[in-house]
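K.L.:
below are the sequence and a predicted model for it; my questions follow.
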Amino acid sequence: MIISLKPLSSIFVSVVIPVLRDSIELSELLEALLVEEPDPELEVIVVNGDASDRSIDSVQARFPSVCWVTSLSGRGRQMNVGAGLANGRWLLFLHADTRPTSGWLDAIRSIDMCNGTVGGVFRFVLSSPHPIARMIERGVDWRARNLHLPYGDQGIFVRRTVFACLGGFRVMPLLEDVDFIGRLRRKGSFICSRIPITVSPRRWEQDGWVSRSALNIAIIILFSAGVSPLWLAGLYYRRKTVSASIDCCALLGERAVIPRIAVVIPALNEEDSISVVLAEIPAFVTDVIVVDNGSIDATRARARSAGARVALELDRGYGAACQAGLAACDDQVEIVVFVNADCSDNPAEMARLIEPIVSANAEFVIGDRGSQDRRWQDRLGNWICVTLINCLWDSDVRDLGPYRAIRRSALDRLDMQDRTRGWTIEMQVKAVEKGLSVIEIPVLHRPRIGQSEISGTLSGTLRAGRRMLRTIWMLRRTMTRRTGI
């Protein structure tokens with residue numbers, strides 16, 4: 001991910017706090033930062049990963065000086081969003097259930113004088129009188145100092161310029177902090193400060209002191225051995241809510257880091273569905289770009305409130321919106337996934353869509369919708385176009401489904417030009433001409449939310465069909481110019 005820096009200001013430390021339904025803990029942390037020890041050189045940025053969480057509203061009203069922002073969930077993604085808004089010379093990333101103790105800011109000021117020091121963490125202290133808590137603290141301190149494996153709940157502080165140089169946190173379902181610290185240590189001196197940071201013992205109290213500690217040790221050993229964070233997330237959280245991560249692990253294999261994936265969602269008057277679609281985007285996705293194609297409803301506002309990046313393309317057309325989404329992707333994106341904004345595509349199946357690309361078995365994967373829940377005119381038009389493509393280009397495709405994933409480098413080779421509904425046809429035809437490895441996999445096609453401006457009416461269907469047939473004719477007519485055949 002490319003992290004853009006704001007110009008340096010009088011702010012010394014920017015505190016970035018990613019939260020996900022942690023309003024009580026967050027309120028106590030903000031009280032400690034802004035009321036008990038206020039400092040004019042300190043700014044606080046809270047990045048909320050759940051736009052539907054209304055419990056945070058009262059906290060926001062109580063602390064108006066805080067910069068409040070919403071993003072898609074995922075701790076690494078949220079911290080990157082906050083860092084992008086920061087003005088300070090140093091960044092401090094805090095979990096909502098932690099409390100830095102008196103003297104933490106002076107400690108960073110002292111470290112700032114050491115030019116070779118790039119970052120550090122504080123000393124882990126559990127806010128519990130239980131005797132085993134003291135044993136855990138000593139173990140964590142030994143691990144951080146001798147094995148160089150501190151965790152994010154110790155409060156990671158880093159020079160903002162170094163953070164940007166590293167590209168921020170990688171978007172991972174777990175252990176993005178360990179991964180980041182490993183990369184940070186290679187940039188310079190890393191300090192384990194003796195200033196305490198108190199951490200809530202709620203996870204140990206809920207799961208058992210011994211079992212939670214044993215799990216933490218097992219997680220870091222397995223991660224160091226190369227086990228996928230996707231699988232480790234299922235082991236760590238042990239909830240049904242991570243079942244998607246477990247499925248992703250089974251499909252994507254034991255990979256330490258999933259490639260950088262951008263999701264592009266063209267949208268036109270989809271205010272009723274866009275929030276639902278964005279809530280279903282998997283955590284392993286790096287960036288989500290909603291392209292508003294000239295909506296006159298609240299599509300753009302709802303996409304932003306759900307944490308997506310929004311691009312505007314006023315030139316109406318599906319292909320125009322897709323191209324605007326691609327232009328908004330950063331250069332480090334490796335895989336691009338196109339998803340409909342009307343909820344007809346199922347983002348939970350995205351791991352199945354990208355798995356052949358990640359495993360180098362394909363460059364382009366098309367979601368095959370079959371005939372499920374589709375109007376007869378849609379099925380007929382799709383059959384006619386697919387039959388023509390197969391006959392004219394000697395291919396063997398079954399669907400022109402918009403739910404598709406493609407390696408970014410392969411997409412760039414296609415030199416896409418169409419700015420209408422012919423975009424999907426152009427992509428598939430040029431993929432055949434360029435010799436890309438293309439496969440189709442069955443995907444669920446759900447009833448859309450709202451009225452389609454294309455297939456919702458017979459006239460709309462006829463206009464789209466005419467445009468698609470014209471695209472096929474133009475591509476065939478110009479094939480020799482492109483291929484020399």
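P.N.:
All right, it came through fine.
K.L.:
any regions of the stretch 101-250 of the chain where pLDDT drops low?
P.N.:
230, 234, 237-250 (pLDDT under 70).
K.L.:
can you tell me how far T420 sits from T471?
P.N.:
7 Å (C-beta to C-beta, to the nearest Å). For every residue, glycine as well, the C-beta is placed using N, CA and C.
K.L.:
more neighbours, the two?
P.N.:
Higher neighbour count among T420 and T471: T471, with 21 against 18, using other C-beta atoms under 10 Å.
K.L.:
could I get the contacting residues of that one?
P.N.:
D418, T420, R421, G422, I425, E426 (C-beta atoms under 8 Å, 6 or more residues apart in numbering).
K.L.:
again, only using 7 Å
P.N.:
If you count contacts by C-beta atoms under 7 Å, 6 or more residues apart in numbering, T471 has them with D418, G422, I425, E426.
K.L.:
so it lies in a helix, does it not?
P.N.:
Yes: under DSSP: H, G, I helix; E, B strand; the rest coil, T471 falls within a helix.
K.L.:
just to revisit the earlier point, out of the contacts of T471, which are inside strands?
P.N.:
Counting by DSSP state E, no part of the contacts of T471 is found in strands.
K.L.:
now, which of those sits nearest R309?
P.N.:
Distances from R309 to the contacts of T471, taken as C-beta to C-beta, are shortest for D418 (23.7 Å).
K.L.:
how much space between that closest one and L411?
P.N.:
From D418 to L411 the distance is 13 Å (C-beta to C-beta).
K.L.:
next: G465.
P.N.:
Taken as C-beta to C-beta, the span from G465 to L411 is 25 Å.
K.L.:
kindly report the same for V121.
P.N.:
From V121 to L411 the distance is 40 Å (C-beta to C-beta).
K.L.:
the two: which has the busier surroundings?
P.N.:
Neighbours per residue, other C-beta under 10 Å: of V121 and L411, the larger number sits with V121, 24 against 21.
K.L.:
what helix or strand is that one on?
P.N.:
Per DSSP states H and E: V121 is located in strand 117-126.
K.L.:
centre of the chain to whichever helix or strand comes after that strand, how far?
P.N.:
Sequence-wise, the next helix or strand downstream of strand 117-126 (DSSP H and E) is helix 131-146. Its chain's C-alpha centre and that of helix 131-146 lie 33 Å apart, by C-alpha atoms, centre = their mean, to the nearest Å.
K.L.:
and stretch 437-445, by the same measure?
P.N.:
With C-alpha atoms, centre = their mean as the basis, stretch 437-445 stands 23 Å off its chain's centre.
K.L.:
quote the end-to-end distance of it.
P.N.:
Counting by C-alpha to C-alpha, to the nearest Å, you get 24 Å between the two ends of stretch 437-445.
K.L.:
ditto for stretch 121-132
P.N.:
Span of stretch 121-132 from end to end, C-alpha to C-alpha: 22 Å.
K.L.:
mind listing residues that contact that stretch?
P.N.:
100, 104, 133, 136-137, 140-141, 144, 150, 154-156, 192-201, 209.
K.L.:
buried subset of the residues you listed as a PyMOL selection?
P.N.:
A single PyMOL command is used to select the members of the contacts of stretch 121-132 judged buried by 16 or more other C-beta atoms under 10 Å:
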select buried, resi 100+104+133+136+137+140+141+144+150+154+155+156+192+193+195+196+197+198+199+200+201+209
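K.L.:
in helices, which of the contacts of stretch 121-132 fall?
P.N.:
Using DSSP state H, W104, A133, I136, E137, V140, D141, A144, W209 are the members of those that sit in helices.
K.L.:
backbone phi and psi for the closest residue in space to the third one that isn't next to it in sequence, please?
P.N.:
Spelled out, that is I136. If the residues on either side of it in the chain are set aside, I136 comes closest to S213, at 5.7 Å by C-beta to C-beta, 6 or more residues apart in numbering. Note on S213: its backbone torsions stand at phi -60, psi -40 [degrees, to the nearest 10].
K.L.:
so S213 sits against E137, correct?
P.N.:
No: using C-beta atoms under 7 Å, S213 is not in contact with E137, being 11.0 Å away.
K.L.:
just how off-centre is stretch 60-73 within its chain?
P.N.:
With C-alpha atoms, centre = their mean, you get 20 Å for stretch 60-73.
K.L.:
buried stuff in that stretch?
P.N.:
F63, V66, V69, T70, S71, L72, S73.
K.L.:
surely the second one and N48 touch.
P.N.:
No: contact status for V66 versus N48: not in contact, 11.1 Å apart, counting by C-beta under 7 Å.
K.L.:
flag every buried residue along whichever strand or helix holds I181.
P.N.:
Here I181, judged by DSSP H and E, is contained in helix 176-185. By 16+ other C-beta under 10 Å, the buried positions in helix 176-185 come out as E176, D177, V178, D179, F180, I181, L184.
K.L.:
for the last one, which non-adjacent residue is spatially closest?
P.N.:
In other words, L184. Distances taken as C-beta to C-beta, 6+ apart place G119 nearest to L184, at 5.2 Å, with adjacent residues excluded.
K.L.:
that neighbour: what's it in contact with?
P.N.:
By C-beta under 7 Å, 6+ apart, the residues touching G119 are I156, F157, V158, R159, V162, L184, F190.
K.L.:
can you check the pLDDT for M79?
P.N.:
At M79, the predicted lDDT confidence score is 91.
K.L.:
that one: how many residues sit nearby?
P.N.:
27.
K.L.:
could you list every helix and strand in contact with the strand or helix carrying it?
P.N.:
Secondary structure from DSSP H and E places M79 in helix 75-85. Packing partners of helix 75-85 (3 or more C-beta pairs under 7 Å, 6 or more residues apart in numbering; DSSP states H and E): strand 13-19, strand 42-48, strand 67-70.
K.L.:
wait, which of the contacts of G119 is closest to D378?
P.N.:
Top of the list for closeness to D378, among those and by C-beta to C-beta, is I156 at 50.4 Å.
K.L.:
show me the strands in the stretch 251-400 of the chain, by range?
P.N.:
All strands of the stretch 251-400 of the chain, identified by DSSP state E, counting those that start in this stretch, fall at 261-267, 287-292, 309-312, 335-338, 364-368.
K.L.:
may I have the strands that pair with the fourth one, each with its orientation?
P.N.:
When you say that, I think you mean strand 335-338. Strand 335-338 has its sheet partners listed here by DSSP bridges as strand 261-267 (parallel), strand 404-407 (antiparallel).
K.L.:
and if you look at the last one?
P.N.:
Strand pairing for strand 364-368, determined by DSSP bridges: strand 404-407 (antiparallel), strand 438-442 (parallel).
K.L.:
let me know which of those strands is tucked in deepest.
P.N.:
Sort the strands paired with strand 364-368 by mean neighbour count, taking mean count of other C-beta atoms under 10 Å, and strand 404-407 sits at the top with a mean of 24.
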